[in-house]
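K.L.:
quick one, what's the 3D model for this:
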Amino acid sequence: MTVMVTRISTEEVAHVARLARLALTSEELERVTEQLAAVLDHARDVEALDTAGVPPTAHPLPLANVLRDDVVTPCLDRGEVLAQAPAVEANRFRVPRILGEAP
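P.N.:
Numbers count the residues shown, from 1 in each chain. Next comes the predicted model:
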């Protein structure tokens, strides 16, 4: 196994784990320390990039919503739809009561 030079100590990771109420074994602590160090190294690499001419963006590709125009069309006949329902009450779909609602 290659030993990775970490910039965050195992003690610091253990402290954060205690704050998060995580019980880590010594093996888990070592693995998490290496993984967290890799994440922090990557963050340092990104931080070192020259982004002076790069505008802030939420997505790397331009996005556009493709929307259709709203067009009024005839709707289904209420009686025809209710005739196909398994249960109808007061000219509406009848559904099972939930969360102990009173009638």
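
K.L.:
ok, Gln35 - how many residues close by?
P.N.:
13 (other CB atoms under 10 Å). Where you see a C-beta, it was placed from the backbone N, CA and C, and this is true even at glycine.

K.L.:
the chain should start at 546 in everything you say after this.
P.N.:
Okay, using 546 as the starting number, the last item reads as Gln580.

K.L.:
can you list the buried residues in whichever strand or helix holds it?
P.N.:
Assigning secondary structure by DSSP states H and E places Gln580 in helix 571-592. Along helix 571-592, these residues count as buried under the neighbour rule (16 or more other CB atoms under 10 Å): 574-575, 577-579, 581-582.

K.L.:
mind checking how far that helix is from the chain centre?
P.N.:
Remark: helix 571-592 is offset 22 Å from the chain centroid, using CA atoms, centre = their mean, to the nearest Å.

K.L.:
next helix or strand past that helix?
P.N.:
helix 623-628.

K.L.:
what does the helix or strand following that next one contact?
P.N.:
For helix 623-628, the following helix or strand on the C-terminal side (DSSP H and E) is strand 633-634. Strand 633-634 has contacts (CB atoms under 8 Å, 6 or more residues apart in numbering) with 627, 639.

K.L.:
give the pairing partners of strand 633-634; include direction for each.
P.N.:
strand 637-638 (antiparallel) (DSSP bridges).

K.L.:
for the partner strand, give me every contacting residue.
P.N.:
Contacts for strand 637-638 (CB under 8 Å, 6+ apart): 627, 630, 632.

K.L.:
tell me where the model's unsure across this protein.
P.N.:
Along the chain, segments meeting pLDDT under 70 span 546-551, 646-648.

K.L.:
specify the residue positioned farthest from the middle of it.
P.N.:
Gly624 (41.6 Å; CA atoms, centre = their mean).

K.L.:
quickly note the distance from that one to Ala635.
P.N.:
14 Å (CB to CB, to the nearest Å).

K.L.:
what do you get for Val611?
P.N.:
Distance from Val611 to Ala635, by CB to CB: 40 Å.
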